[in-house]
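Engineer: what's the 3D shape of this:
(chains A, B, C and D)
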Number of protein chains: 2
Amino acid sequence: MGNSKLYKGSLITIILKLLNEHDKMYGYEIVQRVKEITKDELKITEGALYPSLHKLEAEGLLNVEVLKVGNRLRKYYKLTEKGTKETVNKLAELESYIKTMRALVNPKFRID
Amino acid sequence: MGNSKLYKGSLITIILKLLNEHDKMYGYEIVQRVKEITKDELKITEGALYPSLHKLEAEGLLNVEVLKVGNRLRKYYKLTEKGTKETVNKLAELESYIKTMRALVNPKFRID
DNA sequence: ATATATACATAAAATTCTTATGCATAAATT
DNA sequence: AATTTATGCATAAGAATTTTATGTATATAT
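Structural biologist: You can find the predicted model right below:
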């Protein structure tokens, strides 16, 4: 993904949040959207994305709907109710992570 | 480490920053310090820490000094010059990561 | 005609971490 | 006195996530 290893573990959070916003997206679209938003800082690889989407679907966080657009297939993913709840969790975990890391790297953010 | 998977990839950054601050630390001390600072949010496991310290040493980012304290050994690690430079990089990467993630999860932080 | 973009997929390898285990000394508890 | 907890290091098996490489196929731009 990114140039730094910190993105490891962030992919699920990113996918869920984008779907939470857009209601319905397909894999290729997610890759493009992330490139846009991050100004090419973060490029999701297909080899990471597609297995993750399949996993989220298997866990019941996403629903799939296959559409034929022109002559190509698109697999549209949508959050389930469970997926929406998990999105909230993941976003809270991200905020917690950021706070914790700030305390670690920025002594003035420590609550002694 | 933490309850969330986001900490994956953060360990090196944490180690380097703490050593940048304390000048000289041993493994067990790092584990305790992180627990303190994060109020038990983040517990570094020994199985992750020690191999990472060995790796940083092998890469020339850390120097080791073995001291016998009482009757027990302590391996004190210290940043090399290269390690100090890498710390700056890692901290910049963390800031970049946080900005990028904020843009992804918080639309109002996006620069369109 | 050829290259690039769109769209999905999987498999091998690399990376990082968890869990489990091992050794040994020191201090605290029962 | 005996046992548990704390201190201090280490490694190895397995799990999880990601990279890299490869494959298939249609559509558009050069």
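Engineer: is chain B within reach of stretch A:92-102?
Structural biologist: Yes. Applying C-beta under 8 Å from any C-beta of the partner chain, one finds stretch A:92-102 touching chain B at A:E93, A:L94, A:S96, A:Y97, A:I98, A:T100, A:M101. Backbone N, C-alpha and C define where each C-beta goes, glycine included.
Engineer: report the buried residues of that stretch.
Structural biologist: A:E93, A:L94, A:S96, A:Y97, A:I98, A:T100, A:M101 (16 or more other C-beta atoms under 10 Å in any protein chain shown).
Engineer: what's the closest non-adjacent residue to the second one?
Structural biologist: Yep, that's A:L94 we're talking about. What sits nearest to A:L94 in space, not counting adjacent residues and going by C-beta to C-beta, 6 or more residues apart in numbering or on different chains, is A:T13, at 5.7 Å.
Engineer: the one you found - how many residues pack around it?
Structural biologist: Per other C-beta atoms under 10 Å in any protein chain shown, the neighbour tally for A:T13 reads 23.
Engineer: my read: it touches B:T100, true?
Structural biologist: No. Using C-beta atoms under 8 Å as the test, A:T13 is too far from B:T100 to be in contact (12.0 Å).
Engineer: neighbouring contacts of the strand or helix carrying A:R74?
Structural biologist: Applying DSSP states H and E as the criterion places A:R74 in strand A:72-79. The contact list for strand A:72-79, computed with C-beta atoms under 8 Å, 6 or more residues apart in numbering or on different chains, reads A:16, A:19-20, A:23-28, A:53, A:56-57, A:61-68, A:87.
Engineer: and what of stretch A:26-43?
Structural biologist: The contact list for stretch A:26-43, computed with C-beta under 8 Å, 6+ apart, reads A:1-3, A:7, A:14-15, A:18, A:22, A:25, A:44, A:46, A:49-50, A:53, A:74-77, B:96, B:100, B:103-104, B:110-111.
Engineer: so does stretch A:74-83 get close to DNA strand D?
Structural biologist: No. Stretch A:74-83 is not in contact with DNA strand D by C-beta under 7 Å from any atom of the strand; minimum separation 11.5 Å.
Engineer: sorry, that was for stretch A:16-36
Structural biologist: No. With C-beta under 7 Å from any atom of the strand as the criterion, DNA strand D is not reached by stretch A:16-36; the gap is at least 10.1 Å.
Engineer: quick revisit: residues touching the residue nearest to A:L94, list them.
Structural biologist: A:T13 is in contact with A:K90, A:L91, A:E93, A:L94, B:L6, B:M101, B:V105, counting by C-beta under 8 Å, 6+ apart.
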